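*Asks:* Build the 3D model from these lines:
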Amino acid sequence: MAKSTRTETIFLVAAVLGILLVSSGATLYFSGSLTSATASGDEPGLGYQTVTLTDAQVECEKYARAELGSRIKALAVDTHSTRFDSMDKRYKVFFIAELYDSGDRKGVTKSFHVNCLTRGERATVAQFSIAEDKEQKTKAIQREEGGVFGWPL
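*Replies:* Model (predicted):
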């Protein structure tokens, strides 16, 4: 009788371990963790990647520096506009750039808006554009007389 109890215990432990292994394997398979990058058609060797806004920003900055080279005096991220667009599944990174007219870094600089779109699943640049900031800078109009609302003092 002791032998059948021991056999039953071993069988029960083996069954529980088998269920755990099958359950874990199925979870990994259906979550996509076991499939390779080449099976899904992506570039080989990439595997699973989590791309963040910082990754997209760094990639766009590298791309901008490669494109514009020594013309760059300053390059700053527009943190108010930079975002992940869930409709397009892309990161949209915007910069304000101060650029020289030529690569010799002489003369005056002009302000430019740099727009960079990266793919959401990989931090690679999909679209890159530069536009000069031609918005006219106006001075505040001050009245000679009156308070804040134009009322007499």
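
*Asks:* which residues of the protein fall in strands?
*Replies:* Assignment of strands within the chain using DSSP state E yields the ranges 72-77, 83-85, 90-100, 109-119, 125-132.

*Asks:* Columns mean neighbour count, mean pLDDT and distance to residue 31 on top of those strands, output as TSV?
*Replies:* Glycine gets a C-beta too; all of them are placed from N, C-alpha and C. As requested, the strands of the chain are arranged in TSV below (neighbours: other Cβ atoms under 10 Å; pLDDT from 0 to 100; distance: least, Cβ to Cβ, whole Å):
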stretch	mean neighbour count	mean pLDDT	distance to residue 31
strand 72-77	14	93	34
strand 83-85	13	91	22
strand 90-100	20	93	24
strand 109-119	19	91	22
strand 125-132	13	91	27
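
*Asks:* closest one to residue 28 among the ones you listed?
*Replies:* The minimum distance between residue 28 and these falls on strand 109-119, with 25.5 Å, by Cβ to Cβ.

*Asks:* May I have that closest one exported as CSV, CA atoms only?
*Replies:* What follows is strand 109-119 as a C-alpha-only set of coordinates in CSV (Å, rounded to 0.1, in the frame of the first residue of the first chain):
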residue,chain,number,x,y,z
THR,A,109,22.1,82.3,-38.1
LYS,A,110,18.5,81.8,-38.9
SER,A,111,15.8,79.9,-37.0
PHE,A,112,14.4,76.7,-38.5
HIS,A,113,11.8,74.2,-37.5
VAL,A,114,12.9,70.6,-37.9
ASN,A,115,10.3,67.9,-38.1
CYS,A,116,11.2,64.3,-37.7
LEU,A,117,8.8,61.3,-37.8
THR,A,118,10.0,57.8,-36.7
ARG,A,119,8.3,54.5,-36.9
